[in-house]
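Student: only geometry, no sequence info:
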DNA sequence: CCAAAAGTGTTTGTACTACACCCATGT
DNA sequence: ACATGGGTGTAGTACAAACACTTTTGG
């Protein structure tokens, strides 16, 4: 056991963010092209280093904000990665976070500044270091989470149609869902507000728009209601 | 974004282990009495620092082995804790791991050497730093995991009775279970080997002993069988 | 009037829950 | 013979899955 801290090895702590978005059809992740060594020019997750005065959550927040201009979205710690030579330049432990954002909210100037680009999950390029594994883990965590908590709303604009919501869940879970069963389940949850407005872009008839009712959701969650999809 | 690693802040990386055991009646955790500063004399989780040549999993393994003499048991990363002043002595990020061991296997000499002691969850003392939160998280992770994967076997001796198994699940989930329903579910899973042997200690009639059939379990898991209790 | 998407219920099967009595044995 | 824990089955209910037709409206 350790009696003296000073003799211990220190390491750099990186925070890497898997940023999920949804563009009406597909689940996507935001990647940047590195303009610095090592692995300059390759695709990677957006990352940065933990600073003295901040904790990991704050670092993740800062990094997300730097790239997208967005704050206060769903952002959760995923896992820590520590292979000895995962970063060839220096011993670095990386703590991965994943975020869910409404793809329309991100700041395109910033995206350009970092040569960032949205990729659909299936078409993403290979990433540096162990970032591919991080993305895999993040997807499976997202799948798990959305299957017991209606997380996906974070990925949609404030007003959305049932069809969009269903498409979102289909793309997260990577399987087709039955329209009627899906709507029935959502209705049983009773956490949406049906608006009078219709979205007229998708059809002649038009489809009703809904909003997520955060208060109702919180109440129900507090009561122990189960949201299994 | 960062162009130069050398200017970045480094930190110490600790690994703290929540070690779960089961003593036929109750779920317990193994705690040590610190014999070094800071917080000397207080109860804490067993921990240590990450070394240059090892990754976090290996460090957790090493720490578990140091305290209990045990290797090759269930050991999984839980979460990383990074509050700026969580350790007053120096900036330290701690990665928590939780382990499940058969309480009979641990080496008592080592336990003594570290002034370690098993505490039932409800009677554990307050711990240093943020260790109490770690334990809380570990319990909820354990509950979740055991509810969809028959993890608990790690906590039992190789041969056990249905009653023991049920008691174990009851103490993990912290609720009473119905005997017949429990046995029915376990039997549907079909992952136990019923032995001819009986345990004669608990009753005059004696109760049959079972073993966990790891191969069957792996096969079923690979086939996507769901083990929800 | 037709094409295209929206919207809507019922039936069937499966899984979970609740529940009580007989069995085997050592003293 | 009895006290102690071991072992066993079923009926009722709730939840999930499968499934197809009608409505609306712009062109």
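Tutor: Received the coordinates, thanks. Bear in mind the structure is a predicted one, so any value in this text is a computation, not a measurement.
Student: for chain A, which residues are neighbours of chain B?
Tutor: Within chain A, the positions near chain B by Cβ under 8 Å from any Cβ of the partner chain are A:1-3, A:5, A:8-13, A:35-36, A:48-57, A:66, A:77, A:79-80, A:82-84, A:89-93, A:95, A:114. Where C-beta positions appear, they are placed from N, C-alpha and C, glycine not excepted.
Student: tell me which of the residues you listed fall in helices.
Tutor: A:56, A:57, A:66 (DSSP state H).
Student: format those as TSV; extra columns: pLDDT.
Tutor: Below are these laid out as TSV (pLDDT from 0 to 100):
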residue	pLDDT
A:56	98
A:57	98
A:66	96
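Student: of all those residues, which comes closest to DNA strand D?
Tutor: residue A:57 (32.8 Å; Cβ to the nearest atom of the strand).
Student: please look at that closest one and residue A:63 and confirm they touch.
Tutor: No - Residue A:57 sits out of contact with residue A:63 when judged by Cβ atoms under 8 Å, with a separation of 10.9 Å.
Student: please say which of the two ends up with more neighbours.
Tutor: residue A:63 (25 against 16; other Cβ atoms under 10 Å in any protein chain shown).
Student: can you report how many residues neighbour the closest residue to that one other than its chain neighbours?
Tutor: Excluding the flanking residues, the one nearest residue A:63 by Cβ to Cβ, 6 or more residues apart in numbering or on different chains is residue A:48, at 4.5 Å. Look at residue A:48: counted by other Cβ under 10 Å, it has 20 neighbours.
Student: confidence score at residue A:48?
Tutor: The model reports residue A:48 with a pLDDT of 96.
Student: test my guess that it contacts residue A:32.
Tutor: No - using Cβ under 8 Å, residue A:48 makes no contact with residue A:32, being 11.2 Å away.
Student: show me which of the residues of chain A next to chain B are buried.
Tutor: A:5, A:8, A:10-13, A:48-50, A:54-57, A:77, A:79-80, A:82, A:91-93, A:95, A:114 (16 or more other Cβ atoms under 10 Å in any protein chain shown).
Student: strands along chain A, start to end?
Tutor: Taking DSSP state E as the test, the strands found in chain A are A:10-22, A:27-33, A:43-44, A:46-49, A:74-81, A:92-100, A:116-120, A:160-161, A:192-199, A:207-212.
Student: can I get those strands in JSON lines including distance to DNA strand C?
Tutor: JSON lines is the format used below for these (distance: least, Cβ to the nearest atom of the strand, whole Å):
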{"stretch": "strand A:10-22", "distance to DNA strand C": "16"}
{"stretch": "strand A:27-33", "distance to DNA strand C": "19"}
{"stretch": "strand A:43-44", "distance to DNA strand C": "34"}
{"stretch": "strand A:46-49", "distance to DNA strand C": "34"}
{"stretch": "strand A:74-81", "distance to DNA strand C": "26"}
{"stretch": "strand A:92-100", "distance to DNA strand C": "23"}
{"stretch": "strand A:116-120", "distance to DNA strand C": "21"}
{"stretch": "strand A:160-161", "distance to DNA strand C": "6"}
{"stretch": "strand A:192-199", "distance to DNA strand C": "7"}
{"stretch": "strand A:207-212", "distance to DNA strand C": "4"}
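Student: could those go into TSV alongside distance to residue A:126?
Tutor: Converted to TSV, the strands of chain A look like this (distance: least, Cβ to Cβ, whole Å):
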stretch	distance to residue A:126
strand A:10-22	15
strand A:27-33	11
strand A:43-44	7
strand A:46-49	16
strand A:74-81	16
strand A:92-100	17
strand A:116-120	11
strand A:160-161	33
strand A:192-199	37
strand A:207-212	35
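Student: relative to residue A:130, which of these is closest?
Tutor: With Cβ to Cβ, the closest approach to residue A:130 among these belongs to strand A:74-81: 5.3 Å.
Student: what helices or strands is that closest one leaning on?
Tutor: In terms of contacts (3 or more Cβ pairs under 8 Å, 6 or more residues apart in numbering or on different chains; DSSP states H and E), strand A:74-81 is packed against helix A:56-68, strand A:92-100, helix A:131-148, strand B:74-81.
Student: sheet partners, orientation included, of that strand?
Tutor: Using DSSP bridges, the strands paired with strand A:74-81 are strand A:92-100 (antiparallel).
Student: can you pull the pLDDT of the residue in chain A that DNA strand C sits nearest to?
Tutor: Distances between chain A and DNA strand C by Cβ to the nearest atom of the strand are smallest at residue A:180, namely 3.0 Å. pLDDT for residue A:180: 97.
Student: same deal with residue A:3?
Tutor: 51.
Student: gap between the residue nearest to residue A:63 and DNA strand D?
Tutor: Separation of residue A:48 from DNA strand D (Cβ to the nearest atom of the strand, to the nearest Å): 41 Å.
Student: with residue A:82 instead?
Tutor: From residue A:82 to DNA strand D the distance is 38 Å (Cβ to the nearest atom of the strand).
Student: got the phi and psi for that residue?
Tutor: Per-residue torsions, residue A:82: phi -140, psi 20 (degrees, to the nearest 10).
Student: can you tell me which residues contact it?
Tutor: By Cβ atoms under 8 Å, 6 or more residues apart in numbering or on different chains, the residues touching residue A:82 are A:93, A:94, B:50, B:55, B:56, B:57, B:95.
Student: need the max-distance pair from the residues you listed.
Tutor: Pairwise across those, and taking Cβ to Cβ, the largest span is found between A:94 and B:57, at 14.4 Å.
Student: select from the helices and strands packed on strand A:74-81 the stretch with the lowest mean pLDDT.
Tutor: Among the helices and strands packed on strand A:74-81, helix A:131-148 carries the lowest mean pLDDT (a mean of 94).
Student: can you mark which positions in that one are buried?
Tutor: Residues of helix A:131-148 classed as buried by neighbour count (16+ other Cβ under 10 Å): A:131, A:134, A:135, A:137, A:138, A:139, A:141, A:142, A:145, A:146.
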